[in-house]
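S.K.: Below are the sequence and a predicted model; questions follow.
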Amino acid sequence: MSRRAKIATYVVMVVLAVPFVFPTWWMITASLLPANEVLAYPPKLFPNQPQWENYKAAFTDFPLAQQYFNSLYIAVLVTLGTMFFSSLAGYAFARIRFRGEKVFGLILIGLMVPSEVTIIPLFRLVDDLGLTNTHWPLIVVPIFGAPSVLATFVMRQFFITIPGELEEAGRLDGLSRFGLYRRVAMPIAKPALAAVAIFTFLNTWNFFLEPLVYLTDKDMFTLPVALTQYVDVYGGHLWNVQLAAATTTVVPVLVVFIIAQRQFVEGLAQSGLKG
């Protein structure tokens, strides 16, 4: 590629990136503005006197630290649980021949069922079990419900690509079926696991409908629901404090993606989902 072509490519990429970068940049800068300047037109993209106390107010005037912890530990538990059970199920569907293996196509129908369709019967079930206003439904339902179907599909597609010779060598070494899964399949499944980890963590971190339905106590809220509660005593929106809190919620997602972005791309490519 010539020098001019490279320059033209970078210019086009920068222009295309503006619609995606601008909202994030505005969110960060607006979180440092006084409340009466947040909605100013044209928007202020460079605050003259950054109001860092907006971030302090987000944690001192509201239970943001507790809500942050709620979102973080729920996302971590759901991610770890989904990685474990989806890898087990994906391996079984990819490498084990059994009478009910054709049911996998039926399981994929779960991808086409919106969560809004199942939220009412799930709430009835959770309420009958006495688990409303707890985090249990936010942890157990995603791990064993429809949200894990995509993870199972990704893991199955990856395990299908494993050469059969590797398992034959493992059998000669006396490995059981679970031993083959643990010592042969899993060590080379890191790219697929990284892909599952990232989209599961992101999906769980952004849960809104489920916490809104299951939870009633503010101290039990997760961040997406908590971000709707930033109002003063008169019911007016505290936009600058709300944006400060929203800015802090971006950090864990960026950290997870930066750490595992290469494995994420490789995992999607090898599972047939890239593009």
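M.R.: That came through, no problem. Computed from a prediction, not measured in an experiment: that's the story for all the values here. Numbering: from 1, shown residues only.
S.K.: and Leu175, how many neighbours?
M.R.: 16 (other Cβ atoms under 10 Å). Just so you know, the C-beta spots here come from the backbone N, C-alpha and C atoms, and that holds for glycine as well.
S.K.: And the closest residue to Leu72 other than its chain neighbours, how far from Thr29?
M.R.: Using Cβ to Cβ, 6 or more residues apart in numbering and skipping residues adjacent in sequence, the residue nearest Leu72 is Pro252, 6.5 Å away. Using Cβ to Cβ, to the nearest Å, we find Pro252 at a distance of 21 Å from Thr29.
S.K.: picking that back up, next, the contact list for the residue nearest to Leu72, please.
M.R.: Leu72, Ala75, Phe201, Trp205 (Cβ atoms under 8 Å, 6 or more residues apart in numbering).
S.K.: ok, how many other residues are close to Leu111?
M.R.: Quick note: Leu111 (other Cβ under 10 Å) scores 11 neighbours.
S.K.: Go ahead and confirm it touches Leu150.
M.R.: Yes. Between Leu111 and Leu150 a contact is recorded at 6.1 Å, counting by Cβ atoms under 8 Å.
S.K.: count of residues packed around Tyr230?
M.R.: Quick note: Tyr230 (other Cβ under 10 Å) scores 22 neighbours.
S.K.: Could you find the closest non-adjacent residue to it?
M.R.: Gln242 is the one closest to Tyr230 (Cβ to Cβ, 6+ apart), at 3.8 Å.
S.K.: In terms of pLDDT, where does that neighbour sit?
M.R.: Per-residue confidence (pLDDT) for Gln242: 89.
S.K.: Now the spatially most central residue of the chain. Nearest residue, chain neighbours left out?
M.R.: The residue lying closest to the centre of the chain (Cα atoms, centre = their mean) is Leu202, at 1.3 Å. Among residues not flanking Leu202 along the chain, Val253 sits closest, at 5.8 Å (Cβ to Cβ, 6+ apart).
S.K.: which residues touch the one you found?
M.R.: Phe201, Leu202, Trp205.
S.K.: ok but it is inside a helix, no?
M.R.: Yes. Val253: assigned to a helix according to DSSP: H, G, I helix; E, B strand; the rest coil.
S.K.: how much space between it and Ala35?
M.R.: In terms of Cβ to Cβ, Val253 sits 27 Å off from Ala35.
S.K.: Could you do Pro211 as well?
M.R.: 27 Å.
S.K.: And Val76, which helix or strand is it part of?
M.R.: helix 64-95 (DSSP states H and E).
S.K.: Report all helices and strands that that helix contacts.
M.R.: Identification of packing neighbours for helix 64-95 by 3 or more Cβ pairs under 8 Å, 6 or more residues apart in numbering; DSSP states H and E yields helix 136-144, helix 147-160, helix 190-205, helix 223-226, helix 239-271.
S.K.: got the angle for that helix vs helix 190-205?
M.R.: If you take axes from the mean of the first three to the mean of the last three Cα atoms, to 10 degrees, helix 64-95 sits at 140 degrees to helix 190-205.
S.K.: Going C-terminal from helix 64-95, what's the next secondary structure element?
M.R.: Counting by DSSP H and E, what follows helix 64-95 is helix 104-107.
S.K.: contacting residues around that next one?
M.R.: By Cβ under 8 Å, 6+ apart, helix 104-107 touches Phe93, Val149, Thr152, Arg156.
S.K.: Now with 6 Å, please.
M.R.: Residues outside helix 104-107 that contact it (Cβ atoms under 6 Å, 6 or more residues apart in numbering) are Phe93, Val149.
S.K.: returning to what we had before: tell me, how many residues neighbour the residue nearest to Tyr230?
M.R.: 24.
S.K.: for Ala40, same thing?
M.R.: So Ala40, with other Cβ under 10 Å, has 11 neighbours.
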